[in-house]
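[1] Sequence and computational prediction follow.
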Amino acid sequence: MTAIRFTKAQATGNDFVLVSDPDGASPLSTGQIAALCDRHFGVGADGLIRAVRSSHHPEGPSTLAEEPAAEWFMDYYNADGSIAEMCGNGVRAFVRFLLESGLADLEPGDTLPIGTRAGVKDVQRTGTGGFQVDMGRWRLSGGEPLVGADGLEVPRPGLGIDVGNPHVVVALSSREELDELNLVPEPRVAPVPPNGANVEFIVPADPLVKDGVGRVHMRVHERGSGETLSCGTGAVAAALAVRYWAGVDAPNHWSVQVPGGLVQVRMFATEEGEHVALAGPAELVFDGAIALPEA
Ligand SMILES: N[C@@H](CCC[C@H](N)C(=O)O)C(=O)O
C-alpha cells in the first residue's frame, strides 16, 4: 500500500482533505476518496480537493480558454467520492493551501483566478484575513419543489437556485423549527432533481435587515456529504432566495450564520449581468500522510 500526503483544512467548519497533484498524474478512485474522507477509518472530511495544474487537468482546455492565468484547477469531490462542480468554502481553503504551500501568490488588491468545473472563479484577500470569491452568474433553476425532512410535519415549498452547483432553499418559520430538524436522513425533494441537490433550510434573523445588511440563519444537507457545518454555495443560494422573497427593497449584502460560523454574500452589477460574491475565513489545520487503499 502506498502512502499519500495530505493537508486538512476548514472554512467555517466545512472541512476538506487537500492533496497536491500538480501534474495530474495520480487521480483517485471514488472508493479512495470516500476512504480518505471517512471520519472513523480515514482523515475525515466533507470533501476532497486535488490541486492540479489546469494544463494537466481534463477540464484544463476550457479553463485556460476562459482565463489563461488560471494556473490551478480545484478538482473537487464530495465525501462519498462523487464529483461536484463547485465548492464556495473549498475554493477559499484551496487558495489558502496554494499560498501556504508556495504554489501561488496573492497580494492584497490582486486577484487569483482558480479553475473549477463551474468555470473560473476570481479570488481576492479580504481585510479580515480571509478571502472573497466572485462566484459569477446565478440562475433560478428547478422550480419550486416540495421538500420533506425529519422534523417537518408536512413538506414545504423550496426554491431551486443554481450557483454553479444545484441548490434548493426552504424557508422555515422559527429558530426552534430550524434547530429541531434532523438532517441525518437526506431531505426528500419532489420532483427529484435530475442531478441531486444541496438543500438549505433558512430562517430570517430578527430584524431581517440591520445596518443595511440582510441576515439569515441556515442549516444544510449537502449532496454527497450529508449535514455539514457550512456550505459556501449554499449560503449564496440562501441569500439569493431570501432577497428574491423579500422583494425590491431587499439589500445586496447578506450575512449568513451557519453552525460553523459566519459568511458574507454580496450581489453586484457587472457588464455581463449580476454576479454574486462569497467572503469568509479559511484555515489549514494539520498535515499528514496516510496509507492509500488500492483503487
Ligand atoms: N461545501 C461546498 C459545496 C460542495 C459541493 C456540494 N456538496 C455539491 O455536491 O454540489 C460549498 O462550500 O459550497
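    Arrived safely. Residues are numbered from 1 along each chain as shown.
[2] Strands of the stretch 51-200 of the chain, residue ranges please.
    Using DSSP state E, counting those that start in this stretch, the strands of the stretch 51-200 of the chain run over 72-78, 112-115, 121-125, 131-134, 139-140, 146-148, 156-162, 166-171, 188-190, 198-210.
[3] Scan this protein for its longest helix.
    The helix that spans the most residues within the chain, counting by DSSP state H, is helix 232-246.
[4] Which of the residues in that one are classified as buried?
    If you call a residue buried by 16 or more other C-beta atoms under 10 Å, then helix 232-246 has these buried ones: 232-243. Just so you know, the C-beta spots here come from the backbone N, C-alpha and C atoms, and that holds for glycine as well.
[5] How far does stretch 51-69 sit from its chain's centre?
    With C-alpha atoms, centre = their mean, to the nearest Å as the basis, stretch 51-69 stands 20 Å off its chain's centre.
[6] Could you list the low-confidence segments of the stretch 51-200 of the chain?
    Across the stretch 51-200 of the chain, nothing is flagged by pLDDT under 70.
[7] mind giving me CSV with the strands of the stretch 51-200 of the chain and columns for mean neighbour count?
    What follows is these, written out as CSV (neighbours: other C-beta atoms under 10 Å):
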stretch, mean neighbour count
strand 72-78, 24
strand 112-115, 23
strand 121-125, 20
strand 131-134, 22
strand 139-140, 12
strand 146-148, 18
strand 156-162, 21
strand 166-171, 25
strand 188-190, 16
strand 198-210, 19
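[8] Mind putting those into CSV with distance to the ligand?
    Output for these, formatted as CSV (distance: least, C-beta to the nearest ligand atom, whole Å):
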stretch, distance to the ligand
strand 72-78, 5
strand 112-115, 13
strand 121-125, 11
strand 131-134, 10
strand 139-140, 15
strand 146-148, 16
strand 156-162, 10
strand 166-171, 7
strand 188-190, 13
strand 198-210, 5
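[9] Quick check: residues of the stretch 51-200 of the chain near the ligand?
    Within reach of the ligand by C-beta under 6 Å from any ligand atom, the stretch 51-200 of the chain has these residues: 78, 84, 87-90, 165, 198.
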